[in-house]
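Chemist: Generate coordinates for the sequence data below:
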Amino acid sequence: MITKLDSVLLPRKKFIYHYKNVRWARGRHETYLCFVVKRRVGPDSLTFDFGHLRNRNGCHVEMLFLRYLGALCPGLWGYGITGERRLSYSITWFCSWSPCANCSIRLAQFLSQMPNLRLRIFVSRLYFCDMEDSRERDGLRMLKNAGVQITVMSYKDFFYCWQTFVARKQSNFKAWDELHQNSVRLARKLHRILQPCETEDLRDAFKLLGL
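Modeler: This next block holds a predicted model:
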C-alpha cells in the first residue's frame, strides 16, 4: 500500500551521507531514491506527488518503486474497461546510485510496454561502471534505448532535493568539497558510456590518423 512508502522527509545527515558524490563511496551499500510523480489533469494543470524509498529486505529500490506504481499512478493501466484510454505520467527519480544491470534490464522491459509513462533518472554516483565491459554500462544503454533520460546530478539537482525531500529546518544547502568537479567528471563518464558507438568511431579515426 501507499502508506508503506518512506513518506517522511530525509534527515539532513542521511541525505548528505548517501547522496554525496564522492569518488570512493565506501560503506554506502543502500540506494536511496527520491521521486516526483506528475500527471496532467487538464490543459494547464498537473497533479504532483513526491517521496523517497530505500532498499528493503534484499529488494532493490528501483523494483520496490514499481510495486507502488499502481498506487502512485492510478489509471496508468486504465480502469479495466476495454478501449479506455490510459492516463499518462511523468516520473523523475533522484538516485544515490545508478541502477544495477538487472534493474536496468527489468526497467527497460517494463517501460517498453508503457508508452504512457515517461521516466527521467538523475544519479549522484555511477554503480560499477569503471570497467569498459561492465554489465552495468550495458544496462544504462538499454535504459537510454528505452527512452529514459539519464543524467548525473549537478549542484542545482542536489539543491532541489535538499529543498524538496530533506527535513532541513530552514537550513541552507552547503556544497561539499569537490561537488562540482565530481559531478563534471561523472557526467563525462556517463556521456562516454551512453555514446559507445560514437566513441569507438573516434578511436578508429584517431588510429587511421596515427594519433
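Chemist: what's the longest helix in the chain?
Modeler: When the chain is parsed with DSSP state H, its longest helix is helix 179-194.
Chemist: same for that helix, what does it pack against?
Modeler: strand 117-125, helix 135-145, strand 149-152, helix 155-165 (3 or more CB pairs under 8 Å, 6 or more residues apart in numbering; DSSP states H and E). Every C-beta, even on glycine, is put in place using the N, C-alpha and C of the backbone.
Chemist: helices or strands up against the last one?
Modeler: Looking back up the chat, that one is helix 155-165. Judged by 3+ CB pairs under 8 Å, 6+ apart, the packing partners of helix 155-165 are helix 12-19, strand 32-42, strand 45-54, strand 89-97, helix 179-194.
Chemist: got the buried residues for the third one?
Modeler: Spelled out, that is strand 45-54. Residues of strand 45-54 classed as buried: 51-53 (neighbour count, 16 or more other CB atoms under 10 Å).
Chemist: I'd like those residues as a markdown table, with pLDDT and distance to residue 175 appended.
Modeler: Formatted as a markdown table, those follow (pLDDT from 0 to 100; distance: CB to CB, whole Å):
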| residue | pLDDT | distance to residue 175 |
| --- | --- | --- |
| 51 | 94 | 25 |
| 52 | 95 | 21 |
| 53 | 95 | 25 |
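Chemist: Now do the contacts for the spatially most central residue of the chain.
Modeler: Residue closest to the mean C-alpha point of the chain, counted by CA atoms, centre = their mean, is residue 121 at 2.8 Å. Taking CB atoms under 8 Å, 6 or more residues apart in numbering as the criterion, residue 121 is in contact with 92-93, 95, 98-99, 143, 148-151.
Chemist: Bridged to it, which residues?
Modeler: Beta-bridge partners for residue 121, by DSSP bridges, are residue 93, residue 150.
Chemist: could you measure it against residue 157, distance?
Modeler: Distance, residue 121 to residue 157, using CB to CB, to the nearest Å: 11 Å.
Chemist: Can you pull the residues that touch both of these two?
Modeler: With CB under 8 Å, 6+ apart, residue 121 and residue 157 have common neighbours residue 151.
Chemist: Which residue lies closest in space to residue 14, excluding its sequence neighbours?
Modeler: Distances taken as CB to CB, 6 or more residues apart in numbering place residue 32 nearest to residue 14, at 8.0 Å, with adjacent residues excluded.
Chemist: wait, that neighbour sits on residue 61?
Modeler: Yes: using CB atoms under 8 Å, residue 32 makes contact with residue 61 at a distance of 7.1 Å.
Chemist: Give me the common contacts of those two.
Modeler: 53-54, 95.
Chemist: CSV for those residues, including distance to residue 134?
Modeler: CSV is the format used below for the shared contacts of residue 32 and residue 61 (distance: CB to CB, whole Å):
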residue, distance to residue 134
53, 25
54, 24
95, 17
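Chemist: Out of these, which comes closest to residue 27?
Modeler: residue 54 (14.7 Å; CB to CB).
Chemist: The residue nearest to residue 14: how many residues sit nearby?
Modeler: 24 (other CB atoms under 10 Å).
Chemist: Could you tell me how far it is located from residue 88?
Modeler: Residue 32 is 27 Å from residue 88, by CB to CB.
Chemist: By mean pLDDT, which helix or strand of this structure comes out lowest?
Modeler: Least confident element among the helices and strands of the chain, by mean pLDDT, DSSP states H and E: helix 196-209 (a mean of 48).
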